[in-house]
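*Asks:* Turn this into a structure:
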Amino acid sequence: MTDGEWGGEAGGMVGRLWDKPSAEGDGDPFDDALALANGTAPLRVPPGDGPGITTVTAPYAAGGAVAAASSATGGGDAPYTPDDPFSPDDPAAARSGPSGPVDPAPPIGPGPRPTPAAVPWHTARRLAERAAPGPLAPETSALGATLGRTLAAPLTALTDLPSFDTSAMDGWAVAGPGPWRLDRPADASEAGPPSGILAGHAPAEALLDGHAIPIATGARVPSGATAVLRSEHGEVRELSDGGRRLYAPRPAPPGQDIRPRGQECRRGDQLLPAGALVTPAVLGLAAAAGYDELTAYRRPRAEVFVLGDELLDEGLPRDGRIRDALGPMLAPWLHALGVEAAPPRHLADDADALYAALADSTADVVITTGGTASGPVDHVHPTLRGLEAEVLVDGVAVRPGHPMLLARLAPRRYLVGLPGNPLAAVSGLLTLAEPLLRTLAARRPAAPYRTPLAAAVTGHPQDTRLVPVAYRDDERHGLTAVPLRFHGPAMLRGIAAADALAVVPPGGAERGTALEILELPWSAGWSAGWTPGWAAPGDPYDPPQATGGRA
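*Replies:* Sure thing, here's the model as predicted:
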C-alpha cells in the first residue's frame with residue numbers, strides 16, 4: 001500500500017486510493033474521518049480488508065476520554081522507557097489504533113468520553129491539508145512585505161531585461177574591425193584620462209566605424225558599437241598627432257561582451273508562475289522587471305496558548321513547577337513556516353479562561369499546548385464542545401503525540417491542539433499544524449524523499465513513530481539518517497540536535513531501510529523571510545497580553 005492510500009500504513013484503515021473516485025456505496029475518506037471524530041457515523045471498512053472490525057463509534061459529545069496512562073505523562077502518551085519505548089505489553093498499544101480492542105459504548109449520562117479510534121498518521125496529515133477550502137485572500141504589498149509569501153498571480157516582465165544593450169565588461173566599445181581610434185567623450189575634460197561611458201549615463205553620440213570609446217560594466221552600449229573589448233585585451237598607443245589608437249591581439253567578433261536587449265526576457269514574458277515562493281532572489285527579479293509591489297497570498301495569523309499552572313516563564317524549576325519549553329519554541333517555528341505568530345500567551349488551567357481566549361481570538365489558526373487528554377484539568381475538549389466547534393481529527397496513531405486534535409472553530413478559523421509534552425507537541429505541529437498552515441499560505445508541500453537508516457529503530461506495534469535523526473555519510477549507503485537518543489515525549493535534546501524526523505512504520509525498521517523523512521523548516525524558513533512578529537502597534541488584531549503573563 002502506498003502513502004497515497006487511505007490508511008496507507010500497517011495497522012491502519014484500508015480502502016480506496018485517496019484521489020480515486022468512490023464506488024457506489026463507498027464513503028469519502030475525509031467525510032468518514034470527520035464523522036468518526038464527531039461520532040455521527042460508523043467507520044466503514046471494506047469487507048475483507050480490515051483486521052476483523054466492522055464499525056467503531058466515537059461520540060465526541062460524550063465527554064473527555066480517560067486512559068490509564070494519559071494523565072501520568074501530562075501529554076496523554078503512555079509512559080515508556082525512552083530507549084526502548086514500545087514493549088509488546090504497552091497498555092497504549094491495545095487502544096491506539098483500529099487493530100486494537102474497541103472501547104465499549106459510551107455510558108449513559110455524565111462520564112468520561114470513550115477514546116476515539118486514532119486516525120492513521122498519513123491520513124491525519126491529508127485531513128489537515130484538506131481542512132481549509134483553499135488559501136487566504138491575496139493582498140498587494142510593497143516588495144519587501146511579500147518576502148516568504150506565495151505569489152497569487154504570475155510574475156510577468158514589465159520591461160525587456162536588459163532594457164538596453166549593456167556592456168558586460170570594463171573596456172572599450174568598438175565599432176568594426178581594429179585598430180580603433182580612441183574617442184574622447186564629448187563631456188570629458190581635455191586634461192586627464194577620458195572617463196568614457198559610465199553605468200547610469202546614456203551615450204550622447206553614435207560610435208563611428210573604426211572608433212572606440214571607454215565603457216564601464218553595466219553601461220549602455222552606444223549605437224554603432226559592434227563589440228566590447230575587455231580592458232585586459234587592449235593596448236592604447238599615443239599617436240604623433242596627439243590622438244590615441246586602440247590595438248587588440250585578436251579580432252573582436254560582433255556581439256562580444258555585449259548583453260543584448262531582451263537577452264533574459266522580453267516584456268510580457270512569464271518569469272514565475274503563481275504559487276512560487278517569494279524568496280530574496282524573487283524580490284530581486286521582480287525589482288529588475290519593474291515591480292514596486294507584488295500580489296501574494298496573505299500569511300496565516302496564529303495565536304499560541306500555552307496551558308498549565310505548572311509552567312514558569314523564567315528561572316530554574318522550583319516548587320514542583322517547570323520551565324515552559326513550548327512557548328519559546330513554537331512562535332519561531334511558526335515563523336519558519338511562513339506564519340505570522342504573536343508571542344505566546346500562558347493560560348492557567350481554567351476552563352473559563354480558555355473559553356474566553358478562544359472566543360475572543362480572531363487568528364486564522366489557534367494552537368494550544370496541553371489539555372488535549374482527559375485529566376482533571378484538561379479543558380480543551382469541553383471548551384470545544386461549548387464553542388460548538390467541529391472536530392476534524394481527534395487522536396492520531398503516532399508516537400509521540402497521539403492525543404493531538406484538529407477542529408474548525410468557525411468558517412476558515414481552526415484550532416490545533418498539541419499535547420503538552422515537548423516532543424509530542426513537535427509531532428503534532430508536523431502532523432496537523434504544518435499541512436493546515438501550508439494550505440492557508442498556498443505553499444507547495446516539500447518533495448517526498450526517503451533516506452536509509454544508519455541503525456535499526458524499534459517500532460510501536462500499531463502506530464507510526466516520528467524519530468529525530470541526523471544525517472551522516474555511510475560507505476555503503478551514502479547519506480544515512482542516524483536515529484538520535486533522547487526521543488521520549490517530554491524530551492527536546494534529540495530534536496535540538498536533529499536534521500529531520502524519520503517516519504517509522506509500525507513494527508520498526510532495520511538498518512539500511514529507506515524511510516520517509518520530514519525535513520525541519522530551518523533552512524527554507526529562515527531564507528524565505530522570518531519577521532519577528534506580525535502585529536504592528538495599534539493593529540486591531542494585536543491580541544491582549546501578547547507579551548506574556550497568565551490570563
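
*Asks:* all strands of the stretch 201-350 of the chain, in order?
*Replies:* Listed in chain order, the strands found in the stretch 201-350 of the chain under DSSP state E, counting those that start in this stretch are 211-215, 227-230, 235-238, 244-247, 258-259, 270-272, 293-297, 301-307, 311-312, 322-323, 340-341, 345-347.

*Asks:* A153: which of those is closest?
*Replies:* Of all the strands of the stretch 201-350 of the chain, the one in closest proximity to A153, counting by CB to CB, is strand 293-297 (5.0 Å). For every residue, glycine as well, the C-beta is placed using N, CA and C.

*Asks:* Name the surrounding residues that touch the closest one.
*Replies:* The set of residues external to strand 293-297 that reach it, using CB atoms under 8 Å, 6 or more residues apart in numbering, is 135-143, 146, 149-153, 155, 278, 286, 441-442.

*Asks:* Show me how to select, in ChimeraX, the buried members of those.
*Replies:* Command for ChimeraX, covering only those of the contacts of strand 293-297 found buried under the criterion 16 or more other CB atoms under 10 Å:
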select :135,136,138,139,141,143,146,149,150,151,152,155,278,286,441,442
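
*Asks:* Count the residues that sit near L484.
*Replies:* With neighbours defined by other CB atoms under 10 Å, the count for L484 comes to 20.

*Asks:* same question, T383
*Replies:* 24.

*Asks:* Ramachandran coordinates for it?
*Replies:* Note on T383: backbone dihedrals following degrees, to the nearest 10 are phi -70, psi -40.

*Asks:* Before we move on, what's the pLDDT of it?
*Replies:* At T383 the predicted local distance difference test score is 91.

*Asks:* all helices for the stretch 301-450 of the chain, in order.
*Replies:* All helices of the stretch 301-450 of the chain, identified by DSSP state H, counting those that start in this stretch, fall at 326-336, 351-360, 380-386, 422-428, 434-440.

*Asks:* Please narrow the contacts of strand 293-297 to those residing in helices.
*Replies:* A286 (DSSP state H).

*Asks:* Of the contacts of strand 293-297, which belong to strands?
*Replies:* Mapping these onto strands (DSSP state E) picks out P138, E139, T140, S141, A142, L155.

*Asks:* okay, the fifth one: pLDDT?
*Replies:* Spelled out, that is A142. As predicted, A142 sits at a pLDDT of 96.

*Asks:* What mean pLDDT does stretch 303-315 get?
*Replies:* In this model, stretch 303-315 has an average pLDDT of 76.

*Asks:* nope, stretch 408-418 is what I was after
*Replies:* Averaged across stretch 408-418, pLDDT comes to 94.

*Asks:* Just the CA trace of that stretch, in PDB.
*Replies:* The C-alpha coordinates for stretch 408-418 follow below in PDB (Å, rounded to 0.1, in the frame of the first residue of the first chain):
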ATOM      1  CA  ARG A 408     -12.800  24.100  13.000                       C
ATOM      2  CA  LEU A 409     -13.800  26.900  15.300                       C
ATOM      3  CA  ALA A 410     -15.700  28.900  12.600                       C
ATOM      4  CA  PRO A 411     -15.600  29.200   8.800                       C
ATOM      5  CA  ARG A 412     -11.900  29.500   7.900                       C
ATOM      6  CA  ARG A 413     -10.800  29.500  11.500                       C
ATOM      7  CA  TYR A 414      -9.100  26.500  13.100                       C
ATOM      8  CA  LEU A 415      -7.600  25.100  16.300                       C
ATOM      9  CA  VAL A 416      -4.700  22.600  16.500                       C
ATOM     10  CA  GLY A 417      -4.500  21.100  20.000                       C
ATOM     11  CA  LEU A 418      -0.900  19.900  20.700                       C
END
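
*Asks:* ok, residues contacting that stretch?
*Replies:* Contacting residues not belonging to stretch 408-418 are listed as 128, 131-133, 136, 326, 358, 362-372, 380, 384, 387, 389-390, 392, 401, 404-407, 424-425, 428-429, 432-433, 436 [CB under 8 Å, 6+ apart].

*Asks:* what do you get if the cut-off is 6 Å, keeping everything else the same?
*Replies:* Stretch 408-418 is touched from outside by 365-369, 372, 380, 389-390, 404-407, 425, 428, 432-433, with contacts defined as CB atoms under 6 Å, 6 or more residues apart in numbering.

*Asks:* Now go through those and say which are in strands.
*Replies:* Using DSSP E, V365, V366, I367, T368, T369, E390, L405, L406, A407 are the members of the contacts of stretch 408-418 that sit in strands.

*Asks:* among these, who's most crowded?
*Replies:* Counting by other CB under 10 Å, T369 has the largest number of neighbours within those, with 33 neighbours.

*Asks:* who does it bridge with?
*Replies:* V306, L418 (DSSP bridges).

*Asks:* for the stretch 151-300 of the chain, which spans come out with low pLDDT?
*Replies:* 184-195 (pLDDT under 70).

*Asks:* That one: helices as residue ranges?
*Replies:* In order along the chain, the stretch 151-300 of the chain carries the following helices (DSSP H, counting those that start in this stretch): 280-288.

*Asks:* Find the residue at the geometric middle of this structure.
*Replies:* The centroid of the chain falls nearest to L337 when counting by CA atoms, centre = their mean (3.8 Å).

*Asks:* What's the separation between that residue and G401?
*Replies:* Using CB to CB, to the nearest Å, one gets 17 Å for the distance from L337 to G401.

*Asks:* R444: neighbour count?
*Replies:* Neighbour tally, R444, other CB under 10 Å: 10.

*Asks:* Low-confidence ranges, the stretch 351-500 of the chain, go.
*Replies:* Answering for the stretch 351-500 of the chain: no residues sit below the bar, that is pLDDT under 70.

*Asks:* Try it again at 80.
*Replies:* Scanning the stretch 351-500 of the chain for pLDDT under 80 picks out 371, 373-378, 477, 486, 488, 490-491.

*Asks:* Quick one: residues contacting the residue nearest to R181 when sequence neighbours are not counted.
*Replies:* For R181, ignoring the flanking residues on the chain, the nearest one in space by CB to CB, 6 or more residues apart in numbering is H211 at 5.2 Å. Contact analysis of H211 by CB under 6 Å, 6+ apart lists A175, W180, R181, D183.

*Asks:* L354: what's it in contact with?
*Replies:* The contact partners of L354, taken as CB under 6 Å, 6+ apart, are L347, H379, T383.

*Asks:* Excluding residues flanking it in the chain, which one is nearest the second one?
*Replies:* Put plainly, it is H379. Using CB to CB, 6+ apart, the nearest residue to H379 is A351, at 4.3 Å.

*Asks:* now the one you found: how far from L405?
*Replies:* Counting by CB to CB, the gap from A351 to L405 is 17 Å.

*Asks:* got it, and L277?
*Replies:* Counting by CB to CB, the gap from L277 to L405 is 29 Å.

*Asks:* ok, back up a step: now tabulate the strands of the stretch 201-350 of the chain in TSV and tack on distance to H201.
*Replies:* As requested, the strands of the stretch 201-350 of the chain are arranged in TSV below (distance: least, CB to CB, whole Å):
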stretch	distance to H201
strand 211-215	10
strand 227-230	16
strand 235-238	21
strand 244-247	21
strand 258-259	17
strand 270-272	28
strand 293-297	29
strand 301-307	47
strand 311-312	64
strand 322-323	62
strand 340-341	43
strand 345-347	57
